[in-house]
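Need a 3D model of the following:
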Amino acid sequence: MSRWAGRRVVVATKNPGKLREIAAILADLELELRDLRGLPEVRFPEEGGDYEANARAKARAAALQLGEIALADDSGLEVEGLGGEPGPYSARFGGAGLDDAGRVAHLLSQLSQRAGASRRARFVCWVALVTPEGRETTAFGECGGEILAAPRGTSGFGYDPVFRVEGMQATMAELPGARKNEVSHRARALRALFRSVDGAATGP
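Purely as a prediction, here's the structure:
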């Protein structure tokens with residue numbers, strides 16, 4: 001049995017899709033995960049252009065204001081032909097009023113005259129775990145690929161339908177959930193995070 005079995009961790013999001021994905025990735029730890037829905041409103045600081053700082057700030061705010069162990073991530077898509085944009089601003093790319101489909105359409109319009117290396121991209125993710133006592137641990141994960149000319153697949157969320165995973169013929173949105181949770185940037189960051197936390201707890 002995992003030493004985390006039954007321990008409650010609040011994920012600093014109201015996105016049910018993100019919660020489901022994190023729960024699947026961390027299923028073997030037997031955590032009790034919940035998101036912010038139904039909990040007292042957490043006041044988050046304004047996000048900036050640094051993934052790790054954003055993840056730390058979100059997890060810290062949730063942990064201290066709720067008195068719970070809190071987990072947060074900050075993820076983004078970096079496209080070579082756009083100079084690394086949209087990056088930390090991926091969730092607001094094209095304007096705050098756009099939904100996932102609108103942001104994908106905006107991305108494709110920005111890349112419509114670009115081909116080859118300019119469409120190379122990577123998903124990146126920093127995750128942070130913070131306790132109410134202020135202990136903080138962070139970890140990083142990434143997944144390389146390229147941006148296709150049109151969406152494919154119906155799974156996932158965000159930019160998944162136009163992101164073909166490096167070394168595969170499938171987009172992130174075409175991968176079965178279990179396979180996505182082996183290769184995604186978020187999965188790699190989360191596994192590294194809990195390896196680090198467990199190593200610190202059991203080390204000399």
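
now the helices for the chain?
Secondary structure of the chain, counting by DSSP state H: helices at 16-25, 51-66, 100-110, 177-183, 185-202.

Tell me which residues are up against the second one.
Contacts with helix 51-66, where a contact means C-beta atoms under 8 Å, 6 or more residues apart in numbering, come from 10, 12, 36, 39-40, 42-45, 47-48, 68-76, 88, 124-132, 134, 136, 138, 140. To be clear about C-beta, it is placed using only N, CA and C from the backbone, and glycine gets the same treatment.

quick one, what contacts A187?
A187 neighbours (C-beta under 8 Å, 6+ apart): I25, G141, K180, N181.

Just put these in TSV and tack on neighbour count.
Converted to TSV, the contacts of A187 look like this (neighbours: other C-beta atoms under 10 Å):
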residue	neighbour count
I25	21
G141	22
K180	23
N181	20
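
Among these, list the two that are farthest apart in space.
Within those, two members stand farthest from each other by C-beta to C-beta: G141 and K180, at 12.7 Å.

re earlier: if any of the contacts of helix 51-66 are buried, put those into a ChimeraX selection.
In ChimeraX syntax, the buried subset of the contacts of helix 51-66 is picked out as below (16 or more other C-beta atoms under 10 Å):
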select :10,12,36,42,44,47,68,69,70,71,72,73,74,75,76,88,124,125,126,127,128,129,130,131,138,140
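
circling back: okay, the contacts of A187 in a markdown table with pLDDT and distance to Q113 next?
A markdown table is the format used below for the contacts of A187 (pLDDT from 0 to 100; distance: C-beta to C-beta, whole Å):
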| residue | pLDDT | distance to Q113 |
| --- | --- | --- |
| I25 | 94 | 37 |
| G141 | 98 | 31 |
| K180 | 92 | 30 |
| N181 | 91 | 35 |
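
Dump those to a markdown table, plus distance to G116.
Compiled in a markdown table, those are given as follows (distance: C-beta to C-beta, whole Å):
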| residue | distance to G116 |
| --- | --- |
| I25 | 33 |
| G141 | 26 |
| K180 | 26 |
| N181 | 30 |
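
Go through those residues and say which is closest to A101.
Using C-beta to C-beta, the contacts of A187 come closest to A101 at K180, 19.4 Å.

How about the contacts made by the closest one?
If you count contacts by C-beta under 8 Å, 6+ apart, then K180 has E21, S155, G156, M172, A187 around it.

Please report how far it lies from A91.
Going from K180 to A91 by C-beta to C-beta, to the nearest Å gives 19 Å.

for Q113, same thing?
25 Å.

Who has more neighbours out of these two?
Counting neighbours by other C-beta atoms under 10 Å for Q113 and for A91 shows that A91 has the greater number, 17 against 8.

how close does the more buried one sit to A178?
Separation of A91 from A178 (C-beta to C-beta) stands at 26 Å.

I69 - nearest residue in space that isn't next to it in sequence?
Leaving out its chain neighbours, the residue that sits closest to I69 by C-beta to C-beta, 6 or more residues apart in numbering is V9, at 4.9 Å.
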